[in-house]
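# Structure for this input, please:
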Amino acid sequence: MPRRSRWLVLAAFALLVSATQILWLTFAPIARQSRDALGVSEGAIGDLAVINPLMFVLLAIPAGRWLDRRFGTALAAGALLTAIGAVIRTVDTSSYQTVFVGQVVMSVGQPFVLNASTKVAARYFPPLERTAAISVASAAQFGGILVAALTGGALMGAGGLGLVLGLQAGFAVAAAAAVLVAVRVPASYALGATGETSLRWLRRDPLMWRLAGLLFIGVGVFNAVATWLDTILVDLGHPGVAGTLIAVMTVFGVGGAAVLPGLAARHDRRRALLVATTLISVVAFLAIAVALALLSGVLFVGVLLALVGFVLLAGLPMALDWSELESGPDRAGTATGFLLLAGNLGGVVVVLIVQAALGNPYLAMSAMSAVVVPGLLLAARLPRHARSHIDDDRRWPDERVKPASVPW
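Numbering: from 1, shown residues only. Alright, predicted model coming up:
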């Protein structure tokens with residue numbers, strides 16, 4: 001029986017998810033000001049943002065498996081590390097070494113938070129509401145990115161780096177405290193076993209690998225746009241507009257992440273929506289390249305990026321929702337960790353691929369389109385309809401997934 005407090009639990013968790021993203025991207029919109037405040041190079045400031053995905057790659061699977069075994073303890077550890085890391089950064093806001101240590105501590109906690117998205121949904125929400133819960137958690141992730149991008153410059157101008165780090169630490173501590181209270185709420189739904197020690201089920205599940213491939217591409221493309229759009233537009237004589245366009249893309253992405261996965265799940269059209277997402281992205285990035293070549297303004301580019309954001313960012317909660325159906329709630333932490341690991345790797349690789357094409361801005365946008373093409377092939381090979389891990393339990397008692405030789 002679902003508890004009425006489930007939405008409060010989700011709200012607390014969503015705040016913590018947002019906090020992790022705000023702390024990760026603290027220095028992205030204020031790189032030059034932070035360089036001067038800390039007395040280091042811009043490259044050193046960039047290293048502060050690299051720590052986060054690096055720690056996620058190292059800890060994603062171990063964090064997911066710990067969440068499957070000891071959910072409350074693992075999520076509480078993630079909350080505490082997030083808050084402690086944020087507070088450490090405020091101890092000496094003129095010391096790069098202090099800020100670096102705080103960033104490392106916070107980054108260690110993030111995998112335990114983000115990997116818990118599907119576990120929170122499975123523990124507290126009935127099956128018909130789990131897609132919505134996962135969508136809210138994913139939208140909170142993008143919302144945190146947006147808050148970091150939109151508030152950093154204003155706060156830096158108002159009170160310097162001390163104000164930026166202080167307010168962010170306060171938010172992180174409040175969110176962590178809310179989650180520490182929330183994890184004490186008993187689960188409404190039993191999750192069965194606490195997770196296998198073997199990862200054989202993951203290695204043998206083709207659906208999980210295809211979803212991972214889609215997130216590798218989707219997260220990678222989003223990161224590439226966020227990283228290189230300003231460079232591309234400056235080369236074309238449009239300085240100072242990339243931030244607004246990225247914000248528009250993210251705002252529409254938050255809306256898509258909150259709405260589209262629920263519609264796809266309700267009508268069992270997950271594959272159709274993922275195919276449409278990849279197809280729209282391929283066409284849109286090519287159209288952006290053409291628009292930049294033929295049109296003097298960027299309004300049309302903004303419209304296309306809003307469309308891409310709306311469908312592209314919905315892919316994350318949709319993939320996580322499908323993975324929970326596939327793996328079962330007791331393995332959801334490991335499954336989520338695997339998928340988010342793939343997304344973080346894509347966020348590095350695709351950025352480097354597009355960087356190689358930056359000499360020609362039209363080629364750079366075309367490269368983003370080309371990167372998405374394999375995603376269209378992966379999406380087309382997904383099952384037409386989602387199946388439940390429960391069905392697999394009935395047919396293969398010893399294995400939760402179909403043997404690789406069984407066709408979809």
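# Contact partners for Ala247?
Counting by CB atoms under 8 Å, 6 or more residues apart in numbering, Ala247 touches Leu146, Ala149, Leu150. Just so you know, the C-beta spots here come from the backbone N, C-alpha and C atoms, and that holds for glycine as well.
# List just the nearest of those residues to Gln21.
Comparing these against Gln21 with CB to CB places Leu146 closest, at 8.8 Å.
# For the closest one, which non-adjacent residue is spatially closest?
Sequence neighbours aside, Thr250 is the residue nearest to Leu146 in space, at 4.7 Å (criterion: CB to CB, 6 or more residues apart in numbering).
# Now do the buried residues in stretch 79-99.
By 16 or more other CB atoms under 10 Å, the buried positions in stretch 79-99 come out as 79-90, 93, 96, 98-99.
# Looking at these, which two lie furthest apart in space?
Using CB to CB, the buried residues of stretch 79-99 reach their maximum pairwise distance at Ala79 and Tyr96, which is 26.0 Å.
# returning to that earlier point: from the contacts of Ala247, list the buried ones, please.
When those are checked for burial by 16+ other CB under 10 Å, the buried set is Leu146, Ala149.
# helices or strands up against the helix or strand where Ala379 lies?
Assigned by DSSP states H and E, Ala379 belongs to helix 361-380. Helices and strands touching helix 361-380, by 3 or more CB pairs under 8 Å, 6 or more residues apart in numbering; DSSP states H and E, are helix 206-235, helix 270-294, helix 332-355.
# got the angle for the shortest one vs helix 206-235?
Comparing the axes of helix 332-355 and helix 206-235 via axes from the mean of the first three to the mean of the last three CA atoms, to 10 degrees yields an angle of 30 degrees.
# any idea how far helix 332-355 is from the chain center?
9 Å (CA atoms, centre = their mean, to the nearest Å).
# Is Leu245 in contact with Val303, as I believe?
No. Using CB atoms under 8 Å, Leu245 is not in contact with Val303; the gap is 10.1 Å.
# Which one of those two is surrounded by more residues?
Neighbour count, other CB atoms under 10 Å: between Leu245 and Val303, Leu245 has more, with 22 against 16.
# can you tell me which residues contact that one?
Applying CB under 8 Å, 6+ apart, we find Leu245 in contact with Leu229, Leu233, Val298, Val301, Gly302, Leu305.
# any idea how far Pro361 is from the nearest residue to the second one once chain neighbours are set aside?
So the one you mean is Leu233. Leaving aside its chain neighbours, Leu233 sits nearest to Ala242 (5.1 Å; criterion: CB to CB, 6+ apart). For Ala242, the distance to Pro361 equals 12 Å [CB to CB, to the nearest Å].
# intersection of neighbour lists for the two?
With contacts defined as CB under 8 Å, 6+ apart, the residues shared by Ala242 and Pro361 are Ile232, Leu233.
# does Leu304 really touch Val283, like I thought?
No. Assessed by CB under 8 Å, Leu304 is found out of contact with Val283, at 9.1 Å.
# Look at those two and report which has more neighbours.
Neighbours per residue, other CB under 10 Å: of Leu304 and Val283, the larger number sits with Leu304, 21 against 15.
# Just list the residues touching the nearest residue to the more buried one once chain neighbours are set aside, thanks.
Spatial nearest neighbour of Leu304, chain neighbours left out: Ala284 (4.7 Å); criterion: CB to CB, 6+ apart. Neighbouring residues of Ala284 by CB under 8 Å, 6+ apart: Leu304, Leu305, Leu307, Val308, Ser369.
# Now do the same for Ala284: its pLDDT.
If you check Ala284, the pLDDT there is 93.
# Look up how far Leu199 lies from it.
Distance from Ala284 to Leu199, counting by CB to CB: 36 Å.
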